[in-house]
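> Structure for this input, please:
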Amino acid sequence: MKFDLSKYIRNIPDFPKKGILFRDITTLLKDKTAFNRAIGLLAKDYLEKKVDFVVAVEARGFILGGALAYKLNCGFIPVRKKGKLPYKSYQATYNLEYGIDTLEIHRDSILKGAKVLICDDLLATGGTIKAVVDLVKRLKAKILGIVFLIELTDLRGRDKLRGYPVKALIRY
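Below you'll find the predicted structure:
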């Protein structure tokens, strides 16, 4: 029997602005069975690959990434918005729909050659996660894959991640 995670996602029209259909994951997170199943499915392909670190983006990515790191018995590395990390960091700037943003990772967070799994809640245009890839590459880590709870396929974010295994549990 197939477990349909998409039925745990709440759709909110016109949020955060008119014309956007927001995919709310809080309804999945509050359901212990759905949340556990999602983390298990995200981890499934990496259980035997000896992942050293899960790298995830604030804020919802932290929820999934922390649980995924626990499941994979590895470390967790946060990627944060500019100015939020307390130590020396590398930065990657990327384009948003109306402007630019910057993400940071601590310079000493990942050792050269470490095996990394990147995680976020949603793949849309791919700009955010491409910036994370750039940061991880700068630290000379090996990216084993990139996993998402949701992918918005019409926005073609996967195109920016060519060359990496990409997995999304729910695709719209």
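> Does Ile129 touch Cys119 like I think?
No. Using C-beta atoms under 8 Å, Ile129 is not in contact with Cys119; the gap is 9.4 Å. Bear in mind the C-beta positions are built from the backbone N, C-alpha and C, glycine included.
> Give me the common contacts of these two.
With contacts defined as C-beta atoms under 8 Å, 6 or more residues apart in numbering, the residues shared by Ile129 and Cys119 are Ile146.
> how about the strands in the chain?
Remark: strands assigned in the chain by DSSP state E are 10-13, 21-24, 53-57, 75-81, 89-96, 99-106, 115-123, 142-151, 166-171.
> Each with direction, which strands does the third one pair with?
This points to strand 53-57. strand 75-81 (parallel), strand 115-123 (parallel) (DSSP bridges).
> same check, this time on the longest one
The partner list of strand 142-151 in its sheet, established with DSSP bridges, is strand 115-123 (parallel), strand 166-171 (parallel).
> Out of the strands paired with strand 53-57, which is the most enclosed?
Stretch with highest mean neighbour count among these: strand 115-123 (a mean of 24; mean count of other C-beta atoms under 10 Å).
> How far off centre is that one?
3 Å (C-alpha atoms, centre = their mean, to the nearest Å).
> And for stretch 159-168?
The chain centroid and the centroid of stretch 159-168 are separated by 12 Å under C-alpha atoms, centre = their mean.
> List the neighbours of it that are in contact with it.
42, 45, 123, 125-127, 129-130, 133, 143-151, 158.
> Got a ChimeraX select line for the buried ones in the residues you listed?
Buried residues within the contacts of stretch 159-168, by 16 or more other C-beta atoms under 10 Å, are selected in ChimeraX with:
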select :42,123,125,126,127,129,130,133,143,144,145,146,147,148,149,150,151,158
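> gap between Leu111 and Val136?
12 Å (C-beta to C-beta, to the nearest Å).
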